[in-house]
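>>> Below is the sequence, then the predicted model.
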Amino acid sequence: EGDAASLSPRGSRARVRTMLVRTLYAVVLLWPLWGLSTTVQKTSRRLVNAPYVLLCLAVSFSMVDILLLIDWLLGSARIELLERINAHQLPVFIFANVLTGVVNLTMPTIHMEDTLAMVVLGAYAAAVSGFAWHAPALASRTTSLLARVLPTVRQQMAG
């Protein structure tokens, strides 16, 4: 059960749930251990001391838990979203870059409070995901529009 196939994004809900529970045990253990270790020594990235290692592990396992929870809740919808992003990489990339510019020009992101910054990041992720989700419909509309417009433009340029 610990092979690469069991870590596949197409794994069963029961397998994902099992991994979620196992990693949740690590999260519940690592965060208090990190808190306890900081009473002895400050967390130092330069020294790569025990509190730093525990913090890295706690954050990493927490992120894995969040991703497993999303996978468990959404299942095939998440896979479908990834496939749509993969199929329309350039438009999604351009949209994400333009949206990044809009956010940076309209908000003082460098001076935001952490909570507000997380809200902005969540909205950004939702907007990019929503764009990617609707990208196939947008692509077919754009293709049909270009198919109607291009012959006219060619005629005008030739004439």
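Yep, it's here.
>>> Report how many residues lie close to the spatially closest residue to A117 that is not a sequence neighbour.
What sits nearest to A117 in space, not counting adjacent residues and going by C-beta to C-beta, 6 or more residues apart in numbering, is T109, at 7.0 Å. Every C-beta, even on glycine, is put in place using the N, C-alpha and C of the backbone. For T109, the tally of surrounding residues (other C-beta atoms under 10 Å) stands at 14.
>>> How much space separates T109 from F131?
20 Å (C-beta to C-beta, to the nearest Å).
>>> low-confidence ranges in this protein?
For the chain, the stretches flagged by pLDDT under 70 are 1-11, 76, 142-143, 145-146, 153, 159.
>>> Tell me the buried residues in stretch 53-65?
Within stretch 53-65, the residues that count as buried by 16 or more other C-beta atoms under 10 Å are L54, L55, L57, A58, F61, S62, V64, D65.
>>> so what's the residue nearest to A117 up against?
With contact set as C-beta atoms under 8 Å, 6 or more residues apart in numbering, T109 has these partners: V103, A117, V120.
>>> Run the chain-centre distance for the helix or strand containing the first one.
Just to be clear, that refers to V103. Assignment of secondary structure by DSSP states H and E places V103 within helix 89-106. Average the C-alpha atoms of helix 89-106, do the same for its chain, and the two points are 15 Å apart (C-alpha atoms, centre = their mean, to the nearest Å).
>>> ok, and for it, which residues are buried?
Using 16+ other C-beta under 10 Å as the burial criterion, the residues of helix 89-106 that qualify are P91, V92, F95, A96.
>>> of the buried residues of stretch 53-65, closest to M157?
Taking C-beta to C-beta as the measure, M157 sits nearest to V64 out of the buried residues of stretch 53-65, at 55.4 Å.
>>> any idea how far that closest one is from A132?
As defined by C-beta to C-beta, V64 lies at a distance of 23 Å from A132.
>>> Likewise for L69?
Counting by C-beta to C-beta, the gap from L69 to A132 is 21 Å.
>>> With T106 instead?
Distance of T106 to A132, given as C-beta to C-beta: 22 Å.
>>> With T109 instead?
23 Å.
>>> Likewise for R148?
For R148, the distance to A132 (C-beta to C-beta) stands at 26 Å.
>>> ok, those two, which is more surrounded?
A direct count of neighbours by other C-beta under 10 Å for R148 and A132 places A132 higher, at 22 against 9.
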